[in-house]
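> pasting the structure only:
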């Protein structure tokens with residue numbers, strides 16, 4: 001369970017720590033901007049990073065909320081070791097508490113209530129998303145907020161006029177990639193109605209807000225590097241389910257010397273979205 005990437009262990013098709021840092025720059029920081037604007041007036045002084053992974057988001061939370069203490073929990077001791085080094089290096093270790101815990105379970109024996117729970121791409125890794133969400137809500141103080149950051153639309157990279165799109169290769173690759181994600185997780189994360197689950201837990205101010213993450217042409221070097229790594233990992237996971245000619249076509253586009261590929265094309269872009277689901281725990285739950 002982590003906030004960045006699908007597997008903590010390095011290996012074929014999985015993100016390294018460097019990839020996680022890059023992914024945070026491209027997709028996480030924009031969502032933390034939205035979080036900061038959403039809760040700036042809430043007076044949150046105790047925050048929980050639920051599924052902190054390597055601690056990139058934890059450090060950002062500490063920087064964006066300088067008066068708050070941050071509790072960062074993850075099910076991986078290896079990731080917590082990485083997070084521990086990161087928070088110390090970034091000078092926020094005095095305000096961050098790292099906790100090893102499985103948030104498939106009730107966490108109230110491990111943690112005191114908080115003003116804000118931030119769960120970024122973590123709850124879909126649990127075996128029972130509805131139960132995990134309920135456990136997370138139990139950790140929110142009355143009047144406090146839970147914010148769940150989850151997948152939105154699939155990635156768009158090439159314009160409709162590009163050969164990879166007109167020949168249907170991109171559509172087949174996207175479908176194979178989505179299928180491989182479902183196989184990896186054991187369920188379809190898109191099938192979870194987070195908004196309805198929050199409503200079922202009797203929260204106030206429940207909302208689902210889709211935020212577009214858009215980097216238009218021409219991409220800079222870090223954006224191209226993110227796109228290359230994102231597509232490479234996805235292709236590694238789903239290549240066995242694709243036609244060999246489609247795999248070859250995608251590999252060509254990942255070749256740094258290909259004129260229409262990620263590195264050299266003047267048309268390539270990043271179009272993806274995330275959805276923030278949020279709700280406030282009622283101050284007087286007995287009124288519901």
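Looks like it came in fine. As the structure is a prediction and not an experimental result, all values here were calculated from the model.

> the helices in the stretch 51-200 of the chain, which residues?
For the stretch 51-200 of the chain, the helices defined by DSSP state H, counting those that start in this stretch cover 56-64, 77-89, 129-138, 163-166, 169-185, 194-200.

> mind checking which of those helices is nearest residue 222?
helix 56-64 (14.7 Å; Cβ to Cβ). No exception for glycine: its C-beta is placed from N, CA and C like everyone else's.

> quick one, that closest one and helix 77-89 angle?
Helix 56-64 and helix 77-89 are oriented at 30 degrees to each other (axes from the mean of the first three to the mean of the last three Cα atoms, to 10 degrees).

> Tell me which residues are up against helix 56-64.
Where contact means Cβ atoms under 8 Å, 6 or more residues apart in numbering, the residues beyond helix 56-64 that reach it are 3-4, 20-21, 24, 28-29, 32, 35-36, 47, 49, 52, 68, 70, 72, 83, 86-87, 90, 92, 95-96, 118, 120.

> Can you flag the buried ones in the residues you listed?
3-4, 20, 24, 28, 32, 35, 47, 49, 52, 68, 70, 72, 83, 86-87, 90, 92, 95-96, 118, 120 (16 or more other Cβ atoms under 10 Å).

> for this structure, which residue is closest to the average position?
residue 121 (3.5 Å; Cα atoms, centre = their mean).

> close enough to count as contact, that residue and residue 181?
No. Residue 121 lies out of contact with residue 181 (Cβ atoms under 8 Å); the separation is 11.5 Å.

> Quick check, pLDDT for the residue nearest to the centre of the chain.
Looking at residue 121, its pLDDT is 94.

> What of residue 185?
Residue 185 is assigned a pLDDT of 85 by the prediction.

> who's in contact with residue 250?
With Cβ under 8 Å, 6+ apart, residue 250 has these contacts: 164, 169, 173, 231, 235, 242.

> how does it look with 7 Å?
By Cβ atoms under 7 Å, 6 or more residues apart in numbering, the contact list for residue 250 reads 169, 173, 235.

> Reformat the residues you listed as a markdown table; add distance to residue 253, neighbour count and pLDDT.
What follows is those, written out as a markdown table (distance: Cβ to Cβ, whole Å; neighbours: other Cβ atoms under 10 Å; pLDDT from 0 to 100):
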| residue | distance to residue 253 | neighbour count | pLDDT |
| --- | --- | --- | --- |
| 169 | 9 | 22 | 98 |
| 173 | 10 | 23 | 98 |
| 235 | 10 | 21 | 98 |
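
> can you list these in CSV and add distance to residue 194?
Formatted as CSV, these follow (distance: Cβ to Cβ, whole Å):
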residue, distance to residue 194
169, 32
173, 27
235, 28
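
> So which of those residues is the closest to residue 212?
Distances from residue 212 to those, taken by Cβ to Cβ, are shortest for residue 173, at 21.4 Å.

> Could you check how far the nearest residue to that closest one once chain neighbours are set aside is from residue 244?
Leaving aside its sequence neighbours, residue 173 sits nearest to residue 250 (Cβ to Cβ, 6 or more residues apart in numbering; 5.7 Å). Going from residue 250 to residue 244 by Cβ to Cβ, to the nearest Å gives 11 Å.

> neighbours around residue 42, how many?
By other Cβ atoms under 10 Å, 13 other residues sit near residue 42.

> Where does it sit: helix, strand or coil?
coil (DSSP: H, G, I helix; E, B strand; the rest coil).

> Please tell me how far it sits from residue 91.
Distance from residue 42 to residue 91, by Cβ to Cβ: 25 Å.

> ditto for residue 99
20 Å.

> Those two: which has the busier surroundings?
With neighbours defined as other Cβ under 10 Å, residue 99 and residue 91 compare such that residue 99 has more, 15 against 11.
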